[in-house]
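In: Provide a 3D model corresponding to the input given below.
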Amino acid sequence: VPQNTMPYLVLISVLGTFMLTQLRKLMICDWRLPFPSGTASGIMLTSFHTANGAAEALRKVKVLAYTGVCSFIFSLAKWFFQGSNYNCGFGVWPTFGLAAMKYTWNFDWQLNYVGAGMICPPIVNWSMLLGAILSWGIMWPLMKQKEGDWYPAGLEEHDFQGLFGYKVFLVIAILMGEGLYMVLKVLWSSGKDTVKRVRTQRSLPKASSKGPSYALTSQQSLQDPLTSQASTLSHQNSRSLLISPSLKHTSSQMSTGAAAAAVADSGGSSVEAPAGNDTTASSSSQHDHVLAGLEHAKAPVMADGFPVDDTRLEEDQQSGHGNMLEFKETPKERRLRTEVFLRETIPWWLAPLGYGGLAILSIIFIPMVYRPVKWYYVAVAYVITPLFALPNSYGCGLTDWDCSSMYAKLALFIFAAWAGVEGNGVIVGLGICGVVINATSSAATLMGDFRTGYICLAAPRAMFGAQLVGQLLGAILTPLAFMLFYETGQVNVPGGPYPAPFADIYRGMAEIGTKGFGALPKYCTLLMGAFFVGGILICLIRDLLPKKWARWVPSPMALSIPFYIGAASAIDFWLGSVIMHIWEYFHAASAEELGATVGAGLLVGDGLWAIPSSLIAIAGKAPPLCMGFYGAPKCSLPYCIGIWRGGSKDGPM
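Out: Now for the predicted structure:
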């Protein structure tokens with residue numbers, strides 16, 4: 001198996017890294033997508049450095065450590081009660097009753113999702129709750145009554161000819177609708193930006209002839225101390241910055257750690273010079289003078305020669321719209337991060353060269369590895385995959401939920417139908433599915449890493465290189481790790497420790513795909529068209545409304561995710577927003593300062609538990625106890641709780 005999968009994975013694993021690299025400014029700086037996991041990582045790293053010194057740093061580290069340890073311990077405690085078949089415990093707690101539990105209406109105690117909800121913008125969390133109400137509160141219960149009419153009765157839970165087909169393909173329709181809108185919006189914005197840049201270039205000679213220009217190198221920074229640190233941090237020989245003469249101010253060079261400390265401090269106090277430097281920090285009066293003069297300064301020039309646009313930032317602050325798609329940061333912090341993030345460019349030719357080169361190699365070698373996958377299937381897949389990668393990265397940036405599997409299912413279905421039974425459509429669909437899922441997922445992962453780098457003042461070029469190295473190592477090590485599990489003989493064995501349910505799901509979908517869209521349940525294609533148009537209309541309404549009203553328009557991407565994953569995850573995210581609302585009501589200052597840190601701790605703690613839990617599974621150990629819930633006739637209450645040894649089938653239910 002590794003001999004076949006390794007070259008296949010090497011070709012497709014790094015594909016997404018080249019796909020959206022040049023859109024990092026759009027997603028990170030312009031749209032300011034939160035990428036909760038990336039934000040959590042950035043907050044965790046920057047919490048070790050603050051401008052106010054060791055006391056402030058220690059406070060943030062303690063908050064992060066306490067919440068992380070609590071989340072880890074709680075995840076450990078939950079594991080003991082999951083049962084030998086992993087179908088018990090807190091995750092199946094019928095919070096709203098056993099009847100509601102059948103439609104996933106329960107709080108499943110996923111603290112990592114609660115933490116993500118504390119980081120995500122409130123509009124995203126409320127959109128997910130609205131989507132859960134529409135799907136699991138209205139649509140799916142009504143469609144369940146159509147069993148035997150709209151789709152055959154008695155089908156398995158993950159049969160695409162039944163209710164599961166509606167769940168998957170309606171979500172895909174909404175995602176594709178918003179995705180198409182975002183692609184058109186990007187093309188429109190790129191066109192406008194290109195025209196603006198051309199006009200700016202033409203006006204530069206005229207502007208320089210009207211009067212003297214004032215330029216300072218990074219060692220003669222003009223801006224407030226934070227921006228000066230960014231200039232020195234990025235390049236000692238960076239391009240000159242245009243300023244007014246009243247702002248000429250010399251500051252000492254600072255290390256990366258000191259610049260990160262300046263970002264971590266939201267108080268905006270002056271930063272002490274590093275030890276061993278003869279130049280001390282500016283006095284309070286000088287600092288105030290520089291900040292006052294900064295209002296009249298020209299925006300810093302980036303590596304492409306064009307200034308940062310601060311007008312949009314000011315408009316967002318006045319309207320409150322800026323908080324919809326970002327975690328809270330001061331204008332000074334944002335300006336520093338933006339300057340550092342954009343100063344170092346990744347060559348524009350690298351993306352088309354890398355993507356095109358991989359496309360050529362894949363067209364040649366993938367058909368050699370999997371012979372039913374013809375070269376033209378691979379060529380078409382490489383053409384359409386970027387159309388999936390953009391909306392997936394956008395949705396992952398909003399909700400931290402990677403929907404690459406959704407787009408992969410769509411590609412699997414389309415290519416399996418294209419090849420048909422005669423062309424071995426199952427192998428074709430699964431082969432192209434791997435291309436799409438790897439490319440779209442790795443593109444979203446890279447954007448999340450860019451978000452971490454943006455917060456930590458890390459060089460985008462270094463993040464890009466690290467992503468390439470990690471993906472290539474993963475392409476080699478993953479098949480070897482899989483063989484460790486496979487050689488146990490327990491992979492894809494019903495009731496075993498490694499059931500691999502998605503293997504059956506994807507193969508079953510490929511088999512249905514060979515029959516075409518006619519195999520989908522009744523009215524599914526009609527509903528797909530309606531939801532596709534609905535996703536576009538919601539985006540259009542959001543962009544046409546004034547910003548003070550647009551902030552209340554739900555996100556189609558966030559709205560659609562609970563359609564598939566269930567209402568429980570939406571409740572977790574929504575609870576994160578509720579916690580932040582209550583915290584801000586009683587103590588807004590501490591909520592603004594530590595809210596994201598607490599959310600990051602919940603994410604980190606639960607994520608760390610994944611390491612020992614995986615090792616326990618490899619060792620063949622299962623949770624010893626099952627905490628189950630049962631109702632009538634054995635319980636006179638709405639539901640009763642029981643704890644026993646074994647799995648869910650060993651109890652009184």
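In: pull the number of nearby residues for the nearest residue to residue 135 once chain neighbours are set aside.
Out: Nearest residue to residue 135, sequence neighbours excluded (CB to CB, 6 or more residues apart in numbering): residue 563, at 4.3 Å. All C-beta atoms are positioned from the backbone trio N, CA, C, and that covers glycine. Using other CB atoms under 10 Å, residue 563 has 25 other residues around it.
In: repeat that for residue 5.
Out: Neighbours of residue 5 (other CB under 10 Å): 17.
In: so where's the stretch 1-150 of the chain uncertain?
Out: By pLDDT under 70, the low-scoring segments of the stretch 1-150 of the chain are 1-2, 47-54, 56-57.
In: re earlier: packing partners for the helix or strand where the residue nearest to residue 135 lies?
Out: Counting by DSSP states H and E, the element that carries residue 563 is helix 556-565. Identification of packing neighbours for helix 556-565 by 3 or more CB pairs under 8 Å, 6 or more residues apart in numbering; DSSP states H and E yields helix 122-132, helix 163-210, helix 375-399, helix 524-544, helix 567-586.
In: what do you get if the cut-off is 6 Å, keeping everything else the same?
Out: With contacts defined as 3 or more CB pairs under 6 Å, 6 or more residues apart in numbering; DSSP states H and E, helix 556-565 has these neighbours: helix 122-132, helix 163-210, helix 375-399.
In: what about the host helix or strand of residue 363, average pLDDT?
Out: Residue 363 belongs to helix 350-369 when assigned by DSSP H and E. Averaged across helix 350-369, the pLDDT comes to 90.
In: mind saving the C-alpha coords of it as PDB?
Out: Extracted C-alpha coordinates of helix 350-369, given in PDB (Å, rounded to 0.1, in the frame of the first residue of the first chain):
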ATOM      1  CA  LEU A 350       5.700  30.800  -7.200                       C
ATOM      2  CA  ALA A 351       2.000  29.900  -6.900                       C
ATOM      3  CA  PRO A 352       1.300  29.400 -10.700                       C
ATOM      4  CA  LEU A 353       4.600  27.700 -11.200                       C
ATOM      5  CA  GLY A 354       4.100  25.300  -8.200                       C
ATOM      6  CA  TYR A 355       0.500  24.600  -9.000                       C
ATOM      7  CA  GLY A 356       1.100  24.200 -12.700                       C
ATOM      8  CA  GLY A 357       4.100  21.900 -12.200                       C
ATOM      9  CA  LEU A 358       2.200  19.700  -9.800                       C
ATOM     10  CA  ALA A 359      -0.700  19.600 -12.300                       C
ATOM     11  CA  ILE A 360       1.600  18.300 -15.000                       C
ATOM     12  CA  LEU A 361       3.200  15.700 -12.800                       C
ATOM     13  CA  SER A 362      -0.200  14.600 -11.500                       C
ATOM     14  CA  ILE A 363      -1.600  14.200 -15.000                       C
ATOM     15  CA  ILE A 364       1.400  12.000 -15.900                       C
ATOM     16  CA  PHE A 365       1.800   9.900 -12.800                       C
ATOM     17  CA  ILE A 366      -1.600   9.500 -11.100                       C
ATOM     18  CA  PRO A 367      -3.000   7.500 -14.000                       C
ATOM     19  CA  MET A 368       0.000   5.200 -13.500                       C
ATOM     20  CA  VAL A 369      -0.800   4.700  -9.900                       C
END
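In: quick one, it and helix 375-399 angle?
Out: 130 degrees (axes from the mean of the first three to the mean of the last three CA atoms, to 10 degrees).
In: so which other helices or strands are in contact with helix 350-369?
Out: Using 3+ CB pairs under 6 Å, 6+ apart: helix 350-369 touches helix 2-13, helix 15-19, helix 375-399.
In: ok, which of these comes nearest residue 117?
Out: Residue 117 lies closest to helix 375-399 among the helices and strands packed on helix 350-369, at 9.5 Å (CB to CB).
In: worst mean pLDDT across the helices and strands of the chain, which element?
Out: Using mean pLDDT, DSSP states H and E, strand 241-242 stands out as the lowest-scoring helix or strand of the chain, at a mean of 30.
In: centroid residue for the protein?
Out: residue 396 (3.1 Å; CA atoms, centre = their mean).
In: so it sits right up against residue 445, yeah?
Out: No. With contact defined as CB atoms under 6 Å, residue 396 does not count as touching residue 445 (8.3 Å).
In: residue 65 and residue 450: what is the separation?
Out: 26 Å (CB to CB, to the nearest Å).
In: between the two, who's got more neighbours?
Out: Neighbour count, other CB under 10 Å: between residue 65 and residue 450, residue 450 has more, with 26 against 15.
In: does residue 407 count as helix, strand or coil?
Out: Assigned with DSSP: H, G, I helix; E, B strand; the rest coil, residue 407 falls in the helix class.
In: check contacts around it.
Out: 388, 436, 440 (CB atoms under 6 Å, 6 or more residues apart in numbering).
In: quick check: which ranges of the stretch 551-653 of the chain have low pLDDT?
Out: 652-653.
In: repeat that for 80
Out: Counting by pLDDT under 80, the ranges of the stretch 551-653 of the chain that qualify are 614, 617-618, 620, 633, 649-653.
In: please identify the deepest-packed of the helices and strands packed on helix 556-565.
Out: A comparison of the helices and strands packed on helix 556-565 by mean neighbour count, using mean count of other CB atoms under 10 Å, puts helix 122-132 on top with a mean of 24.
In: perfect, that will be all.
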